[in-house]
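Peer 1: my questions concern the predicted model and sequence given below.
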Amino acid sequence: MVTPKKQSAEITKGRIRPQGRWFYALVGLLVAGTAQAFSAETPQAFIDAHAASNDQPSTWHVVPTEADGAVGPKTPQDHRKFKQLQGPFTSPEQVTQACLSCHTQAAKQVMSTIHWTWKAWNPKTKQMVGKNEVLNTFCVSPISNEQFCTVCHTGYGSANPDKFIPFSQRTEDHVDCLVCHDQTKTYRKIPFIGGNPALAKIAVRPGCNEVYGTDKPYVEPEDLATIAQRVGAPTRYTCGICHFYGGGGDGVKHGDLDSSLNDPPRALDVHMDAKGLNFSCQECHQTSDHNISGEHYAIDADPKHAAYMRGDAHNGNAVTCQSCHGQAPHKGDNLQSSLVASTLDMHTRDIACETCHIPEYARGGLPTKMNWNYATAGKLAPNGSPLVIMDQRGWNTYWGVKGSFLWGENVVPEYRWFNGTERWMHVGDTIHPDAQGVVKVNSIEGSPTDGQSKIWPFKIARNNQPYDPAHDMLVVFHSFGFDKDSYTMSYDWSTSIAAGMKAAHLPYSGHYKFIKTEMYWPIAHMVAPKSQALSCMQCHADNGRLQNIDGVYMPGRSKDHQPWIERIGLLVAALAFAGVLIHGLIRVALWLRRR
């Protein structure tokens, strides 16, 4: 007879109490029955039968399938159901107020970023940077042109073309939520009215259809309620509304950013391929509290960190190739390909990934502006309108309000050592032309010996723009506007310069000349598939792509060879070979003699 004390002892030895066996047997039967039900029927049939027998609610009709694989994207909130977005809205600020009723901190976050301020402090160079601070070789400066330029600002201002409200004086409801979050692809901010959308029918200024986003002579008022109800995460299209059209038109400024990236094929960009990985901009430009990582003014040119899991907290820069691919990105699946991969990985010490994997830019079917000459502006057609000249490809090579242009397509980049540091010329700085008489609006730093540089690809945009010879400074001029002082109305350089310099609080002597300028744009988009990456001989050859890069040894480049040293080396090698051969012949002769 088993006493309770013995039962307890058996339990401590791992045995089961007799009365516990009934419980485990019952559990086994239940499990077996469930397994039989799943094996005999489909999961859906089992759930339907179980729901009917237990009077379960109808939500049981969805049956998930257990699988170890990727999950889909997040399902966003359906904003069409939100009462506060039903409208009608008579101003864009009312839409922002509705957004802030839920997203209470969003406006504060946006207003603390460079997208709002157009200026930021760069601790590396101890410079203030941003559109409001530095000069460029395109539209030169937004100063005095804000009512036009704020078409690419994340806020609303005054709709009066002659009244600009500084960003620091705007309230939270002036943040434009729709410009980044619109999913309808119909929302547009209108130039000359402080970055507001059209609330009435507005005529399109001749020649500006691309900026207005229409091929019609007018734009219709926006249906703000419909757009507000259809918002979501930013897309390539919404980012591109500003970044594809910088400098006054599609593809004008960057060279590696244009509207062909809205729906690109794999050959144009392997990451943004619409039928492949389909990356959004923020896949690389990781964002937190509306603060977007990665910018033109502060580049991590030689990242040292390894790859990390996307979305995890980290101290590395997400906007680098290494953040996903690591420091040794090339792989091989056999001995030969592994040797090739290891050879390629040796190049990553000195060469940026972009150098080999972006063989050309502006290759999506749209050209980029390579050269701009303001000195030729001001010519009018016989009917008194600004003269426009188009080439056989339909590219405007001259426009009276801007001057003459040189465009490029499928452009081979220019290469430089680059450590990520750019120093910018600020509004009001004294110019210092180089030996060729060219003013560098931004200068890049880097060398083969600093341990922080790699060979990077660049677009170098060139211009011939006005400067004040008495004060030795590039001038700010009032380019766009409906007033008599704007260049587009007066076609008078001195008048528009005087207005621009007054707005910038800078002196103007009343005299101007033109001087050549350059501006560096690092190339980082339009990444080609690996099969289209540069071949060895495109660099390792005389007059190859890296012909003018110092600090690296290129076996196929004639400048890396010293004929007299090579002849001495060949002579020494030949003498050594002759000595070995003679020694061997003597040994053979002595051996034969002993025989």
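Peer 2: That came in fine, so what should we check first?
Peer 1: any stretches of this protein with poor pLDDT?
Peer 2: The chain contains residues with pLDDT under 70 at 1-62, 65-75, 310-311, 314-315.
Peer 1: remind me, longest strand of it?
Peer 2: In the chain, taking DSSP state E as the definition, the longest strand is strand 454-468.
Peer 1: against which helices or strands is it packed?
Peer 2: Contacts defined by 3 or more Cβ pairs under 8 Å, 6 or more residues apart in numbering; DSSP states H and E place strand 454-468 against helix 353-357, strand 368-373, strand 414-418, strand 473-474, helix 493-503, strand 513-522. Using the backbone N, CA and C atoms, a C-beta is placed for each residue, glycine as well.
Peer 1: pull the residues that contact the helix or strand that the third one is followed by.
Peer 2: I take that to be strand 414-418. Later in the chain than strand 414-418, the nearest helix or strand by DSSP states H and E is strand 422-424. Contacts to strand 422-424, defined as Cβ atoms under 8 Å, 6 or more residues apart in numbering, come from residues 125, 127, 129, 133-135, 296-297, 299, 441-445, 520.
Peer 1: circling back to that earlier point, tabulate the helices and strands packed on strand 454-468 in a markdown table, adding columns for mean neighbour count and distance to G157.
Peer 2: Below are the helices and strands packed on strand 454-468 laid out as a markdown table (neighbours: other Cβ atoms under 10 Å; distance: least, Cβ to Cβ, whole Å):
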| stretch | mean neighbour count | distance to G157 |
| --- | --- | --- |
| helix 353-357 | 21 | 37 |
| strand 368-373 | 21 | 27 |
| strand 414-418 | 20 | 36 |
| strand 473-474 | 24 | 26 |
| helix 493-503 | 21 | 15 |
| strand 513-522 | 19 | 27 |
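Peer 1: assess the claim that G316 and H305 are in contact.
Peer 2: Yes - counting by Cβ atoms under 8 Å, G316 touches H305, with 3.6 Å between them.
Peer 1: just the contacts of strand 422-424: which are in strands?
Peer 2: 127, 129, 442-444, 520.
Peer 1: shared neighbours of G316 and H305, anything?
Peer 2: In contact with both G316 and H305: 322-323, using Cβ under 8 Å, 6+ apart.
Peer 1: ok so S260 is a helix residue?
Peer 2: Yes - under DSSP: H, G, I helix; E, B strand; the rest coil, S260 sits within a helix.
Peer 1: how much space between Q436 and E518?
Peer 2: As judged by Cβ to Cβ, to the nearest Å, Q436 and E518 stand 10 Å apart.
Peer 1: identify the contacts common to those two.
Peer 2: Between them, Q436 and E518 share no contacting residue, judged by Cβ under 8 Å, 6+ apart.
Peer 1: longest helix anywhere in the protein?
Peer 2: Longest helix of the chain, by residue count under DSSP state H: helix 563-594.
Peer 1: distance from that helix to the middle of the chain?
Peer 2: 61 Å (Cα atoms, centre = their mean, to the nearest Å).
Peer 1: again with stretch 468-488
Peer 2: 31 Å.
Peer 1: what's the distance between Q336 and W395?
Peer 2: From Q336 to W395 the distance is 46 Å (Cβ to Cβ).
Peer 1: do Q327 as well
Peer 2: In terms of Cβ to Cβ, Q327 sits 41 Å off from W395.
Peer 1: cool, C353 as well?
Peer 2: From C353 to W395 the distance is 31 Å (Cβ to Cβ).
Peer 1: D269: neighbour count?
Peer 2: Under the neighbour criterion other Cβ atoms under 10 Å, D269 is assigned a count of 25.
Peer 1: and what of A198?
Peer 2: Neighbour tally, A198, other Cβ under 10 Å: 18.
Peer 1: who touches it in this structure?
Peer 2: Taking Cβ under 8 Å, 6+ apart as the test, what A198 contacts is 188, 190, 219-222.
Peer 1: redo that, cut-off 7 Å
Peer 2: 190, 219-222 (Cβ atoms under 7 Å, 6 or more residues apart in numbering).
Peer 1: how about TSV for those residues, with secondary structure and distance to W417 added?
Peer 2: Below are the contacts of A198 laid out as TSV (DSSP: H, G, I helix; E, B strand; the rest coil; distance: Cβ to Cβ, whole Å):
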residue	secondary structure	distance to W417
I190	coil	43
V219	strand	47
E220	coil	51
P221	coil	52
E222	coil	48
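Peer 1: for F279, state which of the residues you listed is nearest.
Peer 2: E222 (29.0 Å; Cβ to Cβ).
Peer 1: near the closest one, how many other residues are there?
Peer 2: The burial count for E222: 24, using other Cβ under 10 Å.
Peer 1: who's more crowded, Q336 and W395?
Peer 2: W395 (15 against 9).
Peer 1: grab the nearest non-local neighbour of E222.
Peer 2: P197 (4.4 Å; Cβ to Cβ, 6 or more residues apart in numbering).
Peer 1: distance to H540 for the helices and strands packed on strand 454-468 - can I get that in a markdown table?
Peer 2: What follows is these, written out as a markdown table (distance: least, Cβ to Cβ, whole Å):
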| stretch | distance to H540 |
| --- | --- |
| helix 353-357 | 12 |
| strand 368-373 | 27 |
| strand 414-418 | 14 |
| strand 473-474 | 40 |
| helix 493-503 | 49 |
| strand 513-522 | 24 |
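Peer 1: how about stretch 242-249 as CSV, C-alpha atoms only?
Peer 2: Taking Å, rounded to 0.1, in the frame of the first residue of the first chain, the C-alpha atoms of stretch 242-249 are listed here in CSV:
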residue,chain,number,x,y,z
CYS,A,242,11.1,69.5,-53.2
HIS,A,243,14.3,67.5,-53.5
PHE,A,244,13.7,66.4,-57.2
TYR,A,245,12.9,70.0,-58.3
GLY,A,246,15.6,71.9,-56.4
GLY,A,247,17.3,74.7,-58.3
GLY,A,248,14.2,75.5,-60.4
GLY,A,249,13.3,72.3,-62.2
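Peer 1: so how far is that stretch off the chain centroid?
Peer 2: For stretch 242-249, the distance to the chain centre is 13 Å (Cα atoms, centre = their mean).
Peer 1: quick one: contacts for L257?
Peer 2: Taking Cβ under 7 Å, 6+ apart, we find L257 in contact with 243-244, 525.
Peer 1: about what we covered before: what's the angle between the longest strand of the chain and helix 493-503?
Peer 2: Taking axes from the mean of the first three to the mean of the last three Cα atoms, to 10 degrees, one finds strand 454-468 and helix 493-503 inclined to each other by 110 degrees.
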